[in-house]
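> fold the following.
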Amino acid sequence: MEREDIATIFMFKGDCHWTMSVSQQTCLQVLDTLDMFARSWNRGDTSGIDAMIDTDCSVFWPGREDRACGKDALMHVLGEHGTSPWSLQLRDVAVQAVGTVAWVTASYRIELPEGKGGCRPYAGVFTGVLKGTGHAWVFAHIHFS
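All right, here's what the predicted structure looks like:
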């Protein structure tokens, strides 16, 4: 994947950052997963999101008093809002990895559905922990703070 492709969602300020211990190939694979996640999120494509989430994934986000523990719980929460498009933008993405575990940090801006057709904007720090399955990277933990 060329950097120009992923820049459409991530809006890089400079190059992607990765540590010396992370290969460029791993970095690009993780960024590809992040790109597919953001595109699915922005389309309201819950089946696309579902394909990138580990069975035991946990998710924390602002504006909710609870969290989603497990893929089924996350899909239930996302299903509450239908499949209407949402807005997620990630910036200043950094990737680190050790073996088959990778973590990403980024600044984010998101608009979440709220009330009767309204949206509430949030901005902050996105953290994702991914695990390599041998054929793909899937999210084991997602945190919007």
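
> average pLDDT for stretch 102-117?
The pLDDT scores in stretch 102-117 average 83.

> now do that stretch: distance to the chain's middle.
Stretch 102-117 has its C-alpha centroid displaced from the chain centroid by 9 Å (CA atoms, centre = their mean, to the nearest Å).

> list the buried ones in that stretch?
By 16 or more other CB atoms under 10 Å, the buried positions in stretch 102-117 come out as 102-106, 108, 110, 112-113. Bear in mind the C-beta positions are built from the backbone N, C-alpha and C, glycine included.

> any chance of these in a markdown table, with secondary structure too?
Below are the buried residues of stretch 102-117 laid out as a markdown table (DSSP: H, G, I helix; E, B strand; the rest coil):
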| residue | secondary structure |
| --- | --- |
| Ala102 | strand |
| Trp103 | strand |
| Val104 | strand |
| Thr105 | strand |
| Ala106 | strand |
| Tyr108 | strand |
| Ile110 | strand |
| Leu112 | strand |
| Pro113 | strand |
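
> so where's the longest helix in the chain?
If you go by DSSP state H, the chain has its longest helix at helix 24-43.

> okay, and the beta partners of Leu90?
Bridge pairing for Leu90 (DSSP bridges) gives the partners Tyr108.

> please disregard the earlier target; I meant Ala102.
Ala97, Leu130.

> residue numbering should commence at 648 henceforth.
I'll keep to 648 as the first residue from here, and by that count the last item is Ala749.

> wait, isn't it in contact with Ala741?
No. Counting by CB atoms under 8 Å, no contact exists between Ala749 and Ala741, whose distance comes to 10.9 Å.

> one step back: now the longest helix of the chain: average pLDDT?
Helix 671-690 shows a mean pLDDT of 90.

> packing partners for that helix?
Helices and strands touching helix 671-690, by 3 or more CB pairs under 8 Å, 6 or more residues apart in numbering; DSSP states H and E, are helix 650-657, strand 664-665, helix 693-697, strand 734-745, strand 748-761, strand 765-779, strand 784-791.

> of all these, which one is nearest Trp708?
strand 784-791 (4.1 Å; CB to CB).

> I'd like the average pLDDT over that closest one.
For strand 784-791, mean pLDDT rounds to 93.
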